[in-house]
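Colleague: Output the structure for:
(one chain, ligands or ions: 1)
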Amino acid sequence: MARITLFAFDTPNARKISVALEEMELDYRVEVVNITKDEQFKPSFLAISPNNKIPAITDLDGPAGEPIHVFESGAILLYLAEKTKRFLPHDPRQRIQAYEWLMFQMGGFGPMPGQVHHFSDSKRSKTNATVCNASVVKLADFMASWIAVWLKSPTLPKNSRLRTSRF
Ligand SMILES: N[C@@H](CCC(=O)N[C@@H](CS)C(=O)NCC(=O)O)C(=O)O
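Modeller: Below is the predicted model of the structure:
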């Protein structure tokens, strides 16, 4: 039986964790939390993820061999990287770079598409189209600047075609 359970729905935040689990070659099972049916508010899920958000994981083989719950995709990625000793460089300078890009993704980039999705969902929000359009424009600007920064990043392989491609 898989020791790790990923609580997920088909969203980019959840994909970040399934990609990491696959890359780390960890055995895991997925439990679908259908956020379009408010399953994230079930008390059993809130006990794992108190902010009613996927993704979250449980690992029966947590620290000291005891089970652990982890919520927030950044915290999950760090937990899994520390557990497997993969994808977090030992060298302090390189490690800081990994933290920088993780924090940037979590705090800078990730919330933007989240906001667009939230404000453009008429079932959940009565917010008018102006706010939605403003979010989309902001997202487009932000993505363009993020891609520009990322293309200069030393973490992108020097021979990557992305460095020279036009987009
Ligand atoms: N900062 C969180 C964001 C997670 C998030 O926004 N999850 C969304 C789906 S991608 C969710 O579960 N929404 C349900 C809700 O807010 O009720 C993370 O990175 O894990």
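
Colleague: and the protein, which of its residues are near the ligand?
Modeller: 11, 13, 35, 40, 52-55, 72-74, 106, 110, 114 (Cβ under 6 Å from any ligand atom). To be clear about C-beta, it is placed using only N, CA and C from the backbone, and glycine gets the same treatment.

Colleague: Turn the buried ones among these into a named PyMOL selection, would you?
Modeller: Buried residues among the residues of the chain next to the ligand (16 or more other Cβ atoms under 10 Å), as a PyMOL selection:
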select buried, resi 11+13+35+40+53+54+55+72+73+74+106+110+114
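
Colleague: Using pLDDT, spot the least trustworthy of the residues of the chain next to the ligand.
Modeller: pLDDT across these is lowest for Gly114, at 79.

Colleague: ok, back up a step: now the residues of the chain next to the ligand in TSV, please, with extra columns for secondary structure.
Modeller: Formatted as TSV, those follow (DSSP: H, G, I helix; E, B strand; the rest coil):
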residue	secondary structure
Thr11	coil
Asn13	helix
Ile35	helix
Gln40	helix
Asn52	coil
Lys53	coil
Ile54	coil
Pro55	coil
Glu72	coil
Ser73	helix
Gly74	helix
Met106	helix
Gly110	coil
Gly114	helix
